[in-house]
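>>> build the 3D model from these lines:
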Amino acid sequence: MTVNAPVRRSLANTELHPSCNVLLIAPRFNGQSFWNFSAACEVHGAKFPAPPLGLITVAALLPPSWECRPVNRNTEELTEAELEWADLVMTGGMMPQRPDTLTVIALAQTRGKPVAVGGPDATSSPEIYELADFRVLGEAEGIIGEFIAAWDAGARKGTFTAEKFAIDITKTPIPRFDLLKRDQYVYYGVQFARGCPFTCEFCDIIELYGRAPRVKTAEQILAELDTLYRTGYRGHLDFVDDNFIGNKKAVKAVLPHLIAWQKAHGYPFEFSTEASINLADDDALLALMREANFFVVFVGIESPDTDTLILTQKKQNTRRSLAESVHKIYAAGMYVLAGFIVGFDSEKASVADAMIDCIEATSIPVCMIGLLYSLPNTQLNRRLEREGRVFQLAHTDALSARGAGYRCTVGLNFRTLRPRREIFADYRKVVERVYGIDAFYSRVRTMVSMLQRPPRRSPYPGPQLAGIAVRDLKLLGRLLWHIARREPQALLHLARAFYAARRNPGAFGAIFMMAAMYLHLGPCSRYVIAMLDQRIDAADEEDMAFLALPARADVDAEPILALTDGS
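Have a look, this model is predicted:
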């Protein structure tokens, strides 16, 4: 059964349906990355940064007569009793979750449980998931009604495909936050918009959600905040949008409502999000985000090289001083996390030094640095395929086996124009220089000297000491204990950062956050460097292995493992 659905509101939650026990399984992410922050999670007493927002949104789309149980395999084990209880297993996620998604499908099917798979990876690469009983492709709001109707009618297999870029997310229900186990996560997330107006060649967001950002109404967002507030949740709340300011007009219309809600409730939330660097061009938008209590923004810088930015169609990052743009965001009370990529065709031999200089000039402490990966169904992938340079290896990429599961060493799944040895060496140099403890905390000190956070009381209820929540003081104690145990040399750097911010107490929270992140970033960077040393040693063999492989064809990665594993 294959269904291509028109856009219409599902009646799943208003019609009568037979009961069904649904197990919603979030697959494990394959390996670790700079972004896991496992040590920071330990400081908070949590197991994972954030819950699977997509799955609890799907749960809200299902009929009330269907009982839902979420299992996040990043935080807990899947038990035989849970599988026995289920009538239906629903799973899926992003590409780094692919190996475990396939494992979940096999686990359920061996026990006779039908599996429905969805999410961005299944949508981009549906052929990978042919063994699933159901494939629900695209945005769930546009197809879930047809899937439910087919299930109720007795169907136990089928593919359901939503119309692209046309789903009306003003009809999206409030996610089932009540299903989550609060102690498993550091922070929660909500979504305002889908889509991005830019055309970055390597990005799959515009392929999945389109270039015309679709937004929720102010009433929807406030209803989600009300729901979270009633659960007792306080603190960090992430707007998970891929570009929060993709539709600036809509953002500026909703922010005054967000500000009014925050004021009326005593600012219980502090927000983070992802935005393009042109945020720095809009003083009015910066002021609104500051007043709403946004405290951190992730920005994709990717490369300081203008030729590379033009090649990748990321022109919004050109014709500007990146340092001035980032510092302007600091002045608005938000600190910046950034993404950088090594491995573009246009890179010159000096790319490592230029990237390091850019990171130092912008004073961004936390940078997500990765090797270029050609994602399926992107402009980059299509161009490389036309050039006969892409290899359709599994995302578990045998050539990155030396990384022992670190996702940041996965990449370059195509014939590179530069020798791979040079690219690995550049990547290694950037990681080593940027995440040396002296360099990291130097950027922290510079950042907090510019960060102008608005005065706010702690969002957490309970006793206060000198305006600081006792809960925050306990968290600080846990942080210092973990630093003393794992990275004792960071204690002096931390003291120097506090001294640099002595006249700027609003920046203390940012220092705590950076110190907690470095508990993960320091050891992670050192491990990545060791893995890169092994890949550099085998780089010539990797080049030869890739040259021997046919392009634009599925290949078995096992022979390559013999070249790289244990040599």
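>>> only C-alpha atoms from now on, for both contacts and neighbour counts.
Will do.
>>> show me the shaky parts of the chain.
Scanning the chain for pLDDT under 70 picks out 1-15, 31-36, 392-408, 464-468, 545-567.
>>> in this structure, which helix has the most residues?
helix 508-537 (DSSP state H).
>>> excluding its backbone neighbours, what's nearest A218?
V254 (5.3 Å; CA to CA, 6 or more residues apart in numbering).
>>> quick one: which helix or strand includes that neighbour?
Here V254, judged by DSSP states H and E, is contained in helix 248-264.
>>> what's the next helix or strand after that helix packed up against?
Scanning forward in sequence from helix 248-264 by DSSP H and E, the next helix or strand is strand 269-274. Packing partners of strand 269-274 (3 or more CA pairs under 8 Å, 6 or more residues apart in numbering; DSSP states H and E): strand 235-239, strand 294-302.
>>> and the angle for the shortest one with strand 294-302?
Strand 235-239 and strand 294-302 are oriented at 40 degrees to each other (axes from the mean of the first three to the mean of the last three CA atoms, to 10 degrees).
>>> tell me, how many residues neighbour the residue nearest to A218?
Other residues lying near V254 total 20 when counted by other CA atoms under 10 Å.
>>> quick one: end-to-end length of stretch 367-379, please.
Criterion CA to CA, to the nearest Å; first-to-last residue distance in stretch 367-379 is 25 Å.
>>> now do stretch 362-373
25 Å.
>>> and if you look at stretch 372-381?
Stretch 372-381: ends 11 Å apart by CA to CA.
>>> so which elements touch the host helix or strand of L107?
For L107, the element it lies in under DSSP H and E is helix 98-110. Where contact means 3+ CA pairs under 8 Å, 6+ apart, helix 98-110 is packed against strand 88-92, strand 115-118.
>>> please convert these to JSON lines, extending it with mean neighbour count and distance to L494.
Formatted as JSON lines, these follow (neighbours: other CA atoms under 10 Å; distance: least, CA to CA, whole Å):
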{"stretch": "strand 88-92", "mean neighbour count": "25", "distance to L494": "40"}
{"stretch": "strand 115-118", "mean neighbour count": "26", "distance to L494": "44"}
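>>> what secondary structure does I423 sit in?
At I423 the chain is in helix, as set by DSSP: H, G, I helix; E, B strand; the rest coil.
>>> who are the contact partners of the residue lying closest to it once chain neighbours are set aside?
Spatial nearest neighbour of I423, excluding adjacent residues (CA to CA, 6+ apart): G343 at 6.0 Å. For G343, the contacting residues are L371, L372, L412, T416, I423, by CA atoms under 8 Å, 6 or more residues apart in numbering.
>>> does P197 touch G246 like I think?
Yes: with contacts counted by CA atoms under 8 Å, P197 reaches G246, the gap being 5.9 Å.
>>> what is the burial count for M94?
Neighbour count of M94, defined by other CA under 10 Å: 16.
>>> could I get the full set of helices for the stretch 251-400 of the chain?
283-292, 306-311, 322-331, 351-362, 379-386 (DSSP state H, counting those that start in this stretch).
>>> show me what counts as buried in the longest one.
Buried residues in helix 351-362, defined by neighbour count with 16 or more other CA atoms under 10 Å: V351, A352, A354, M355, I356, C358, I359, E360, A361, T362.
>>> one step back: so which of the contacts of G343 is the most crowded?
I423 (25 neighbours).
>>> deepest of the helices and strands packed on strand 269-274, which one?
Comparing those by mean neighbour count (mean count of other CA atoms under 10 Å), strand 294-302 comes out on top with a mean of 22.
>>> show me what it is packed up against.
By 3+ CA pairs under 8 Å, 6+ apart, strand 294-302 packs against strand 269-274, strand 335-342.
>>> compute the inter-axis angle for that strand and strand 269-274.
10 degrees.
>>> alpha carbons of strand 294-302, as PDB, please.
Extracted in PDB, the C-alpha atoms of strand 294-302 (Å, rounded to 0.1, in the frame of the first residue of the first chain):
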ATOM      1  CA  PHE A 294      17.300  34.200  24.800                       C
ATOM      2  CA  PHE A 295      20.800  33.400  26.200                       C
ATOM      3  CA  VAL A 296      22.500  31.400  23.500                       C
ATOM      4  CA  VAL A 297      22.400  31.100  19.700                       C
ATOM      5  CA  PHE A 298      24.000  28.400  17.500                       C
ATOM      6  CA  VAL A 299      25.300  29.900  14.200                       C
ATOM      7  CA  GLY A 300      26.600  28.000  11.300                       C
ATOM      8  CA  ILE A 301      29.800  29.800  10.200                       C
ATOM      9  CA  GLU A 302      31.300  26.700   8.400                       C
END
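>>> contacting residues for G333?
When contacts are counted by CA under 8 Å, 6+ apart, G333 touches R290, F294, F295, L451, Q452, R453, P454.
>>> can you put the helices and strands packed on strand 269-274 in CSV and add distance to P27?
Formatted as CSV, those follow (distance: least, CA to CA, whole Å):
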stretch, distance to P27
strand 235-239, 21
strand 294-302, 24
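>>> okay, now the residue nearest to A116 when sequence neighbours are not counted: neighbour count?
Among residues not flanking A116 along the chain, F134 sits closest, at 4.3 Å (CA to CA, 6+ apart). Neighbours of F134 under the rule other CA under 10 Å: 25.
>>> is F134 in contact with T161, as I believe?
No: using CA under 8 Å, F134 is not in contact with T161, being 10.8 Å away.
>>> coming back round to it: show me what contacts the residue nearest to A116?
With CA under 8 Å, 6+ apart, F134 has these contacts: P114, V115, A116, V117, R156, K157, G158, T159, F160.
>>> out of these, which is nearest to F192?
Closest to F192 out of those is V117 (24.1 Å), distances taken as CA to CA.
>>> partners of that closest one in the sheet?
With DSSP bridges as the criterion, V117 is bridged to T91, R135.
>>> surely it meets R135?
Yes: using CA under 8 Å as the test, V117 is close enough to R135 to be in contact (5.1 Å).
>>> common neighbours of these two, please.
Residues touching both V117 and R135 (CA under 8 Å, 6+ apart): Y129.
>>> and P173, which of the three is it?
P173 ends up coil, using three-state DSSP.
>>> what's the local residue count around it?
Look at P173: counted by other CA under 10 Å, it has 17 neighbours.
>>> same question, the one 4 residues further on
Per other CA under 10 Å, the neighbour tally for F177 reads 20.
>>> again with A253
A253 sits with 12 neighbouring residues when counted by other CA under 10 Å.
>>> now swap in the one 4 residues further on and tell me
Burial measure for H257: 16 neighbouring residues, criterion other CA under 10 Å.
>>> and it, what does it touch?
Taking CA under 8 Å, 6+ apart, we find H257 in contact with A218, L222.
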